[in-house]
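Engineer: Sharing a sequence plus its predicted fold:
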Amino acid sequence: MKIVTASILAFSTLLSFSGTALANSYPLTVTDVAGRQVTFDHQPTNIALSTSRIFPLLEIIYQGDAAKHLVAARDDMRVSAPSMYASYIKQYPALQHVPVIGLIKSGEFDAERFINLKPKPDLFIVDLSNIKLAQDKGLLKKLDDAGIKVLAVDFRENPIKNTIKSVQVVADAVNRTKQGSDFTHYYQQHLDVIKNTLANHQDVPMKRVFIERAAGYSDSCCRTFAAGNMGAYIPMLKAINVATAPLKGANTGEMSPETVITARPDVYIMQTTGWLTKDGQPTNGIPLGYSPNKAAIAQATKSLMDRPWLKAVNAYQNKDVYSIYMPFYNSPYNLVAIEYFAKWIHPTLFSTLQPEKTFEEMNLKFGDRHLKGLFGQNNFKAMTQ
């Protein structure tokens with residue numbers, strides 16, 4: 001018995017040492033998606049987000065403890081993704097009381113107030129589009145001098161290249177490397193299915209695709225993307241983004257309805273959601289999301305589909321007009337949107353893809369959340385439901 005007990009103790013000690021050996025040691029230097037080397041002298045635990053819509057990143061890293069690590073965030077999820085906000089508030093009521101910070105780009109960010117928050121952030125996660133501005137303003141140095149490290153993440157400018165790296169770098173920095181690796185494996189495995197399928201079908205037709213940015217947010221049309229944001233999905237899917245030439249190298253811009261008609265897209269995708277105005281009133285976007293109301297979705301879809309010029313678009317005449325949940329454009333769960341795009345652009349090749357199931361799996365696997373919702377649709381079918 002003594003021999004068995006001693007063996008168990010020795011084995012337990014070995015496991016303990018193995019776990020310690022696998023853990024990150026500090027000081028620790030990581031390189032973020034902006035190419036910045038950031039050194040941490042201790043394991044950060046109090047995290048601030050420059051956009052609350054990337055809260056799923058904390059779930060991937062911390063699972064059910066995600067909210068415990070959030071000490072400040074911008075209030076954009078509540079206004080720009082209300083169904084997402086309602087879902088998270090239901091699970092994490094404390095999120096309603098997280099201190100709100102301003103947008104760096106608009107000059108609303110108050111550095112002094114941020115530095116003096118209690119508890120004080122020791123890691124500030126900032127989207128890539130704001131990093132250069134923050135550096136030019138001297139904000140990064142000011143925060144670093146105060147003991148607050150800044151890491152850039154990117155799910156919107158170059159999502160195909162930067163999503164995995166963004167998650168892994170943050171996971172490494174906070175000593176949760178395994179959680180980052182688990183996400184990397186899942187994401188890459190799903191992405192490889194799409195890439196390998198396309199590689200094995202060299203004769204796939206090159207569909208022409210148009211993405212309408214923020215459909216229903218305003219009365220104007222048609223804002224769109226070329227290389228960046230969801231526009232980055234198009235070349236990966238062996239399709240042609242009809243906005244590339246008109247935008248002349250810009251990642252985002254606007255095309256007139258007449259130019260869209262002339263471009264003859266085979267597939268038309270509305271990037272949309274149920275935004276709220278500053279007064280809390282719903283916009284004319286299609287309220288896809290975590291708690292879908294089919295009647296409201298059908299009505300909003302019909303309103304956008306009834307725009308007279310849209311009926312002259314090639315994709316409309318072929319009934320290839322779709323809608324995607326816009327908040328995926330800045331989320332580590334953008335894989336769901338990529339799978340929807342693949343199904344819509346190449347329906348025969350990707351008939352077995354199930355983006356809805358992918359969304360449910362990701363939330364369960366990485367956030368321990370049992371969720372359903374409506375995040376993509378064929379607009380013609382939606383109007384008849």
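Structural biologist: All right, it came through fine. Residues are numbered from 1 along each chain as shown.

Engineer: Could you list the low-confidence segments of the protein?
Structural biologist: 1-22, 279-280 (pLDDT under 70).

Engineer: Could you pick out the longest helix of it?
Structural biologist: Longest helix of the chain, by residue count under DSSP state H: helix 177-199.

Engineer: what's it in contact with?
Structural biologist: 22, 24, 60-63, 160, 163-164, 167-172, 204, 236-238, 332, 335, 338-339, 342, 346, 349-350, 353, 358, 362, 365-366 (C-beta atoms under 8 Å, 6 or more residues apart in numbering). Where C-beta positions appear, they are placed from N, C-alpha and C, glycine not excepted.

Engineer: Out of those residues, which end up buried?
Structural biologist: Buried members of these, counted by 16 or more other C-beta atoms under 10 Å: 60-62, 163-164, 167-172, 204, 236-238, 332, 335, 338-339, 342, 346, 349-350, 353, 358, 362, 366.

Engineer: ok, residues contacting stretch 376-385?
Structural biologist: 270, 286, 288, 294, 297-298, 301-302, 304-305, 319, 321-325, 336-337, 340, 344, 355-356.

Engineer: let's go with 6 Å and repeat that
Structural biologist: Defining contact as C-beta atoms under 6 Å, 6 or more residues apart in numbering, one finds that stretch 376-385 is touched by 294, 297-298, 301-302, 305, 319, 321-324, 340.

Engineer: Who wins on neighbours among those?
Structural biologist: When neighbours are counted by other C-beta atoms under 10 Å, Ser323 leads the contacts of stretch 376-385 with 30 neighbours.

Engineer: my hunch is that it is in a strand, does that hold up?
Structural biologist: Yes. When DSSP: H, G, I helix; E, B strand; the rest coil is applied, Ser323 is found to be in a strand.

Engineer: wait, isn't Val169 in contact with Asp32?
Structural biologist: Yes. Shown here, Val169 and Asp32 form a contact pair, counting by C-beta atoms under 6 Å, at 5.2 Å.

Engineer: Mind checking which of the contacts of helix 177-199 are in helices?
Structural biologist: Those of those lying in helices (DSSP H): 22, 60-62, 160, 163-164, 167-172, 236, 335, 338-339, 342, 358, 362, 365-366.

Engineer: Contacts only, for the residue nearest the centre of the chain.
Structural biologist: Centroid check for the chain by C-alpha atoms, centre = their mean gives Ser331 as the closest residue, at 1.1 Å. Contact analysis of Ser331 by C-beta under 6 Å, 6+ apart lists 56, 155.

Engineer: got the contacts of stretch 376-385 as a markdown table, with distance to Ala146 columns?
Structural biologist: A markdown table is the format used below for the contacts of stretch 376-385 (distance: C-beta to C-beta, whole Å):
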| residue | distance to Ala146 |
| --- | --- |
| Lys294 | 49 |
| Ile297 | 46 |
| Ala298 | 51 |
| Thr301 | 48 |
| Lys302 | 52 |
| Met305 | 51 |
| Lys319 | 56 |
| Val321 | 50 |
| Tyr322 | 46 |
| Ser323 | 44 |
| Ile324 | 40 |
| Tyr340 | 42 |
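
Engineer: Most widely separated two among the residues you listed?
Structural biologist: The most widely separated members of the contacts of stretch 376-385, counting by C-beta to C-beta, are Lys302 and Tyr340 (20.6 Å).

Engineer: Ala86 versus Asp127, what's the distance?
Structural biologist: Separation of Asp127 from Ala86 (C-beta to C-beta, to the nearest Å) stands at 23 Å.

Engineer: The two: which has the busier surroundings?
Structural biologist: Neighbour count, other C-beta under 10 Å: between Asp127 and Ala86, Asp127 has more, with 23 against 14.

Engineer: which residues touch the more buried one?
Structural biologist: 50-51.

Engineer: gap between it and Phe109?
Structural biologist: 13 Å.

Engineer: Same check on Leu28?
Structural biologist: Distance from Leu28 to Phe109, by C-beta to C-beta: 27 Å.

Engineer: just Ala342 next, same as before
Structural biologist: 37 Å.

Engineer: Cys222: neighbour count?
Structural biologist: Neighbours of Cys222 (other C-beta under 10 Å): 23.

Engineer: need the contact list for it.
Structural biologist: Cys222 touches 212, 255, 260, counting by C-beta under 6 Å, 6+ apart.

Engineer: out of those residues, who has the most neighbours?
Structural biologist: Neighbour-wise, those (other C-beta under 10 Å) top out at Val260, 25 neighbours.
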